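Chemist: Pasting the sequence and the predicted coordinates here, then a few questions.
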Amino acid sequence: MRLFAALALVAALLWGCAIAENAVDRTEIEVRGTALFLSGEMTSRTPANFLAALDANPQVTTIVQTYMPGSLDDEAVLRMGYALRDRGLNTHLTAQSEIYSGAVDLFLAGRQRTMERGAVIGVHAWADGFGEATDYPPGAPEHQSTVAYTQEMLGSDAFYWFTLQAAPSDGIHEMTAAEIARFGLLTQAVQ
């Protein structure tokens, strides 16, 4: 019984730490002319700051993602992506850019999606604390919001299903040029 209580306490502490980390915006936003540069990890606080920066800078036409390891809140990423697409903004990766996980979902929202040679796009499956994405059958409600988002951004959900098979949630798969082309991640050839 004591072991169970100790494990429950540890789990509660870890859960509390995760909630606390998600409550702080870990994304840096910098506007340079018509470009808004994003770096860092997205949290539940990021959408409000992102939208405020866009509202304060109506000249912005392109979101440039630099180093973005992903997100702590997948729903926050989808909200940012829909807002980005609704505003008709483009996304761009420089030769030094590295985007992973949820940051890739944000990239998909660009009307025009461009990248320079050398940029890295890394994907993997998600996990929700109960299991891996691949533990849920394709029609499960856990897939629905990201499937719908991917279909809207790319016209197909094939990329979503690819990411689930590319690497487990604790791994990463850096996409090849052929894979990027196969799933239509770019709207223009690599620069």
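Modeler: Sure thing, it's come through.

Chemist: Could you list the low-confidence segments of the chain?
Modeler: Applying pLDDT under 70 to the chain flags residues 1-23.

Chemist: In it, what residue spans correspond to strands?
Modeler: 26-32, 35-41, 62-68, 90-100, 113-115, 120-123, 173-174 (DSSP state E).

Chemist: who does the last one pair up with?
Modeler: Next to strand 173-174 in the sheet, as set by DSSP bridges, lie strand 120-123 (antiparallel).

Chemist: Give me the distance between the strand it pairs with and the centre of its chain.
Modeler: 10 Å (CA atoms, centre = their mean, to the nearest Å).

Chemist: For that strand, list the C-alpha coordinates in PDB.
Modeler: What follows is strand 120-123, C-alpha atoms only, in PDB (Å, rounded to 0.1, in the frame of the first residue of the first chain):
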ATOM      1  CA  VAL A 120      15.600  19.900 -40.800                       C
ATOM      2  CA  ILE A 121      12.100  18.600 -40.400                       C
ATOM      3  CA  GLY A 122      11.700  15.900 -37.800                       C
ATOM      4  CA  VAL A 123       8.500  14.000 -37.000                       C
END
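
Chemist: The residue most central in space within the chain and residue 181: what is the separation?
Modeler: For the chain, the residue nearest the mean C-alpha position is residue 102 (1.8 Å; CA atoms, centre = their mean). Taking CB to CB, to the nearest Å as the measure, residue 102 falls 22 Å from residue 181. Backbone N, C-alpha and C define where each C-beta goes, glycine included.
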